[in-house]
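*Asks:* mind looking at a prediction? Sequence and model below.
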Amino acid sequence: MKNPQNGEIISGFAISGEVKGSDYNLGPDFPEAVLSDKVVIDVDGEFKKQ
């Protein structure tokens, strides 16, 4: 895909997911108000051809 601003060739991706901390024994000593059991992970990446 070409970047419309400068015409360079670019590629990109997006990844998202959830992890339950209790599945990995993370945070059992903390109340849920301090450390949620559900952790959301969002990753965006972009590469430019050189």
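*Replies:* Cool, got the structure.
*Asks:* below-threshold pLDDT in this structure: ranges please.
*Replies:* For the chain, the stretches flagged by pLDDT under 70 are 32-33.
*Asks:* in it, which residue is most central in space?
*Replies:* The centre of the chain sits closest to D42, judged by C-alpha atoms, centre = their mean, with a distance of 2.0 Å.
*Asks:* report the contact partners of it.
*Replies:* A14, I15, S16 (C-beta atoms under 8 Å, 6 or more residues apart in numbering). Heads up, the C-betas are built off the backbone N, CA and C, glycines and all.
*Asks:* who are the contact partners of the last one?
*Replies:* This means S16. Each residue near S16 by C-beta under 8 Å, 6+ apart is listed here: V40, I41, D42, V43.
*Asks:* kindly recompute the last result at 7 Å.
*Replies:* Going by C-beta atoms under 7 Å, 6 or more residues apart in numbering, S16 touches I41, D42.
*Asks:* from the contacts of D42, pick the one nearest L35.
*Replies:* S16 (20.5 Å; C-beta to C-beta).
*Asks:* name the SS class of that closest one, please.
*Replies:* Three-state assignment for S16 (DSSP: H, G, I helix; E, B strand; the rest coil): strand.
*Asks:* ok so, going back, what's the distance between the residue nearest to the centre of the chain and G17?
*Replies:* In this structure, D42 and G17 are 8 Å apart, going by C-beta to C-beta, to the nearest Å.
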